[in-house]
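Chemist: can't give you the sequence, but here's the structure:
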Ligand SMILES: Cc1ncc(C[n+]2csc(CCOP(=O)(O)OP(=O)(O)O)c2C)c(N)n1
Ligand SMILES: O=C1C[C@@H](O)[C@H](O)[C@@H](O)C1=O
Ligand SMILES: [Mg+2]
């Protein structure tokens with residue numbers, strides 16, 4: 001047996017360089033690059049290996065470990081999971097910073113390879129700097145926190161363990177039913193240890209992403225169910241995009257006259273203008289999709305996890321005859337809602353069912369309903385896009401903080417409503433521009449009102465809805481698709497939480513555009529608490545008031561444009577529609593990253609449409625409004641599905 005003497009870290013880098021995937025006959029390298037923040041836990045091990053011979057891996061420098069792992073996730077999401085990045089941290093706090101990003105990737109089924117440094121396997125210098133020391137179990141380190149949020153977790157405590165660890169890492173990273181964060185912990189002593197690795201460990205490996213076919217029996221069950229139904233509704237989930245199944249879904253919808261609604265991950269698989277595309281469904285859905293969903297007698301979920309936002313906490317599908325059909329590569333997700341299951345790749349599953357349905361000449365019974373619902377929504381959309389702040393103004397979310405609108409206007413002199421800004425952006429951005437988002441009021445607004453004109457231009461992380469994903473993932477999307485303009489739409493709360501990788505975008509000369517919606521609040525949470533009878537508590541960004549001792553002083557003015565300009569970002573301050581137009585037109589000409597600081601009046605995001613969200617409202621309170629909200633929740637809960 002031929003062997004090569006290398007350190008564990010060197011072997012790891014060499015191995016990563018030899019991983020390929022094959023999908024629909026096309027082969028490509030699987031690992032594009034590695035994000036690094038070096039510390040004593042990884043610099044002289046993995047850092048040394050990367051300095052000496054990174055192979056084809058692009059070595060990036062991150063600013064915050066969570067941020068850089070989000071960049072990697074954004075990259076893989078935009079690549080539809082066909083290519084990934086790794087991220088390596090030092091031991092302790094650097095590793096802990098990546099845990100949130102691991103969870104984000106896992107909740108969204110996006111592959112990311114995390115390589116946190118770990119404490120000494122030999123334990124001899126213990127406790128090393130940044131070692132927690134759990135006295136009841138010395139095998140525990142910070143990195144055990146990744147177990148809860150990784151799809152595969154391993155620790156390489158001996159050099160020879162690297163081989164099975166990495167082969168299993170690849171198994172999971174390339175498994176469409178089970179992918180997510182893979183964490184391989186690398187004790188800092190082991191990273192530098194030498195071992196005679198067999199040459200065959202480094203041979204070129206091609207991992208085929210197979211299209212799991214549907215069984216004949218499952219297709220038969222699906223056809224039997226569909227043919228008994230008059231008003232089916234397709235739900236296009238993220239799986240449609242990852243399996244490149246958009247054409248099959250479109251053909252299925254057209255052949256059988258079945259409308260389709262979108263989840264956050266599935267949106268933009270098919271352009272908004274398609275006559276059967278109803279747009280976003282569920283809690284953050286629009287009027288068209290939610291009207292049709294209420295009446296549907298069959299819901300066909302393709303590649304969707306059926307989260308509480310998609311099902312409106314299991315209240316959306318109200319037809320007493322409604323049944324569910326799931327087409328999902330994951331058995332776990334296919335089993336939801338007592339569905340008839342087709343455990344298969346989305347494309348081959350849809351094609352197989354379509355072939356049989358065609359034989360029997362199936363057509364749904366819809367006549368004008370789809371067109372009518374879309375027209376109704378279009379009218380509402382036009383209204384939302386034209387809302388202006390003027391005399392007697394009532395915000396979309398009225399009756400909560402009406403007086404704050406005036407205060408906000410006096411402070412900022414901005415008369416912009418969030419829905420009008422979104423309408424204008426919808427017109428101004430290039431059709432192939434990618435829009436990235438994750439948290440706050442914007443995902444709901446975007447799922448409702450954003451109208452993707454080109455496929456795969458909507459990039460929303462709403463599996464974990466992790467504040468801080470937005471700027472980082474925009475960079476990941478840009479690295480994945482360098483020829484497209486990438487815009488991240490982000491609230492002031494999310495921006496303040498994490499935007500460090502904006503500097504990385506400058507460093508890498510990868511231009512991203514940050515459209516920052518500053519409403520001086522955790523706006524959507526303020527809406528939520530007030531809709532449940534609470535006051536405005538801890539969610540507006542106000543100074544502590546010396547008289548009351550509470551956070552009810554004046555609004556905190558922040559000049560985000562000025563702060564980003566200091567990084568070398570080209571910035572704009574926007575308070576009017578004209579300024580917004582000028583800013584976007586100028587931003588398009590820039591070569592560097594841009595930030596557009598848009599002051600948007602609070603409470604001017606969209607509200608819900610024929611939908612509901614189950615939350616844990618207090619069942620005991622002195623406040624009548626909270627008692628009332630708790631009663632209302634209880635009443636609805638009694639009427640809806642329990643699982
Ligand atoms: C990491 C993280 N922490 C907390 C939350 C809970 N959360 C969701 S939205 C939100 C406020 C978002 O505020 P902002 O970004 O300003 O958006 P807005 O709702 O004002 O549009 C919070 C705190 C979250 N989603 N992610
Ligand atoms: O709690 C939340 C409420 C949602 O409206 C928001 O989009 C999401 O970010 C969240 O965490
Ligand atoms: Mg805000």
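Modeler: Okay, I see it. Because the structure is a prediction, the values reported are computed rather than measured. Ligands and ions are numbered 1, 2, ... in the order given.
Chemist: need the residue closest to the centroid of the protein.
Modeler: Central residue of the chain (C-alpha atoms, centre = their mean): residue 461, 1.0 Å from the mean position.
Chemist: gap between the nearest residue to that one once chain neighbours are set aside and residue 138?
Modeler: Excluding its sequence neighbours, the residue lying closest to residue 461 (C-beta to C-beta, 6 or more residues apart in numbering) is residue 438, at 4.2 Å. Backbone N, C-alpha and C define where each C-beta goes, glycine included. According to C-beta to C-beta, to the nearest Å, residue 438 stands 38 Å off from residue 138.
Chemist: with neighbour numbers in mind, choose between the two.
Modeler: residue 438 (31 against 12; other C-beta atoms under 10 Å).
Chemist: quick revisit: for the residue nearest to the centre of the chain, what are its contacts?
Modeler: Going by C-beta atoms under 8 Å, 6 or more residues apart in numbering, residue 461 touches 73, 74, 77, 104, 108, 437, 438, 469, 473.
Chemist: counting neighbours, what do you get for residue 332?
Modeler: Applying other C-beta under 10 Å, I find that residue 332 has 11 neighbouring residues.
Chemist: same deal with the one 3 residues further on?
Modeler: A count of neighbours around residue 335, defined by other C-beta under 10 Å, yields 13.
Chemist: I'd say it and residue 324 touch.
Modeler: No. Residue 335 is beyond contact range of residue 324, at 10.6 Å (criterion: C-beta atoms under 8 Å).
Chemist: surely residue 221 is in a helix?
Modeler: Yes. Residue 221: assigned to a helix according to DSSP: H, G, I helix; E, B strand; the rest coil.
Chemist: nearest residue to it in space, please, no chain neighbours.
Modeler: residue 340 (5.2 Å).
Chemist: pretty sure that neighbour contacts residue 326?
Modeler: Yes. Look at residue 340 against residue 326 with C-beta under 8 Å: they come within range, at 7.4 Å.
Chemist: surely residue 342 forms part of a helix?
Modeler: No. Secondary structure of residue 342 (three-state DSSP): strand, not part of a helix.
Chemist: could you report the neighbour count for it?
Modeler: 26.
Chemist: tell me which residues form a beta bridge with it?
Modeler: Beta-bridge pairing of residue 342 under DSSP bridges involves residue 327.
Chemist: look up how far residue 211 lies from it.
Modeler: As judged by C-beta to C-beta, residue 342 and residue 211 stand 13 Å apart.
Chemist: what's the answer for residue 566, then?
Modeler: Remark: distance between residue 566 and residue 211 (C-beta to C-beta) = 49 Å.
Chemist: returning to that earlier point: and the residue nearest to residue 461, how far from residue 311?
Modeler: Distance, residue 438 to residue 311, by C-beta to C-beta: 21 Å.
Chemist: next up, phi/psi of the residue nearest to the centre of the chain, please.
Modeler: Main-chain dihedrals, residue 461, degrees, to the nearest 10: phi -90, psi 100.
Chemist: quick one, helices of the stretch 351-500 of the chain?
Modeler: Counting by DSSP state H, counting those that start in this stretch, the stretch 351-500 of the chain has helices at residues 369-385, 402-412, 418-428, 442-449, 469-480, 492-497.
Chemist: comparing the ones you listed, which comes out most buried?
Modeler: Of all these, helix 469-480 has the most neighbours on average by mean count of other C-beta atoms under 10 Å, namely a mean of 31.
Chemist: tell me if that helix is near ligand 1.
Modeler: No. Figure legend: helix 469-480 not in contact with ligand 1 (C-beta under 6 Å from any ligand atom); closest approach 8.5 Å.
Chemist: check whether that helix comes into contact with ligand 2.
Modeler: No. Using C-beta under 6 Å from any ligand atom, helix 469-480 stays clear of ligand 2, with a minimum separation of 9.9 Å.
Chemist: again, but for stretch 510-521
Modeler: No. Contact of stretch 510-521 with ligand 2 is not found when judged by C-beta under 6 Å from any ligand atom; the minimum separation is 12.7 Å.
Chemist: so how far is residue 422 from residue 400?
Modeler: From residue 400 across to residue 422, the span is 20 Å (C-beta to C-beta).
Chemist: try residue 326
Modeler: According to C-beta to C-beta, residue 326 and residue 422 sit 32 Å apart.
Chemist: in which helix or strand would I find residue 533?
Modeler: According to DSSP states H and E, residue 533 maps onto no helix or strand at all.
Chemist: burial of the residue in the stretch 451-600 of the chain that ligand 1 sits nearest to, as a residue count?
Modeler: Residue nearest to ligand 1 within the stretch 451-600 of the chain (C-beta to the nearest ligand atom): residue 491, separated by 2.3 Å. Here the count is done by other C-beta under 10 Å, and residue 491 has 28 residues near it.
Chemist: for it, which residues make a bridge with it?
Modeler: For residue 491, the beta-bridge partners are residue 517 (DSSP bridges).
Chemist: I'd assumed residue 515 was in contact with it.
Modeler: No. Applying C-beta under 8 Å as the test, residue 491 and residue 515 come out as separate, 10.4 Å apart.
Chemist: quick one: mean pLDDT for stretch 236-246?
Modeler: Stretch 236-246 shows a mean pLDDT of 98.
Chemist: measure that stretch end to end?
Modeler: Using C-alpha to C-alpha, to the nearest Å, one end of stretch 236-246 lies 9 Å from the other.
Chemist: how far does that stretch sit from the chain's center?
Modeler: Put simply, stretch 236-246 sits 14 Å off its chain's centre (C-alpha atoms, centre = their mean, to the nearest Å).
Chemist: can you give the contact residues for that stretch?
Modeler: With C-beta under 8 Å, 6+ apart as the test, stretch 236-246 has contacts from 23-24, 80-81, 108-109, 176, 211, 249, 260-270, 301-305, 310, 328-329, 345-347, 350, 455-456.
Chemist: residue 612 reaches residue 315, doesn't it?
Modeler: Yes. If you go by C-beta under 8 Å, residue 612 and residue 315 touch, sitting 4.8 Å apart.
Chemist: overlap in contacts of these two?
Modeler: By the contact definition C-beta under 8 Å, 6+ apart, residue 612 and residue 315 are jointly contacted by residue 636.
Chemist: if we can go back for a sec, neighbour count: residue 340 and residue 326, which is higher?
Modeler: Neighbours were counted for residue 340 and for residue 326 using other C-beta under 10 Å; residue 326 has more, 28 against 19.
Chemist: can you tell me which residues contact the more buried one?
Modeler: Neighbour list for residue 326: 300-301, 304, 306, 333-337, 339-342 [criterion: C-beta under 8 Å, 6+ apart].
Chemist: drop anything exposed from the residues you listed.
Modeler: Buried members of the contacts of residue 326, counted by 16 or more other C-beta atoms under 10 Å: 300, 301, 304, 306, 333, 334, 336, 337, 339, 340, 341, 342.
Chemist: put together JSON lines for the residues you listed, with distance to ligand 2 and secondary structure on each row.
Modeler: Listed next are the buried ones among the contacts of residue 326 as JSON lines, based on distance: C-beta to the nearest ligand atom, whole Å; DSSP: H, G, I helix; E, B strand; the rest coil:
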{"residue": "300", "distance to ligand 2": "26", "secondary structure": "strand"}
{"residue": "301", "distance to ligand 2": "21", "secondary structure": "strand"}
{"residue": "304", "distance to ligand 2": "18", "secondary structure": "coil"}
{"residue": "306", "distance to ligand 2": "18", "secondary structure": "coil"}
{"residue": "333", "distance to ligand 2": "21", "secondary structure": "helix"}
{"residue": "334", "distance to ligand 2": "26", "secondary structure": "helix"}
{"residue": "336", "distance to ligand 2": "21", "secondary structure": "helix"}
{"residue": "337", "distance to ligand 2": "22", "secondary structure": "helix"}
{"residue": "339", "distance to ligand 2": "26", "secondary structure": "coil"}
{"residue": "340", "distance to ligand 2": "31", "secondary structure": "strand"}
{"residue": "341", "distance to ligand 2": "30", "secondary structure": "strand"}
{"residue": "342", "distance to ligand 2": "31", "secondary structure": "strand"}
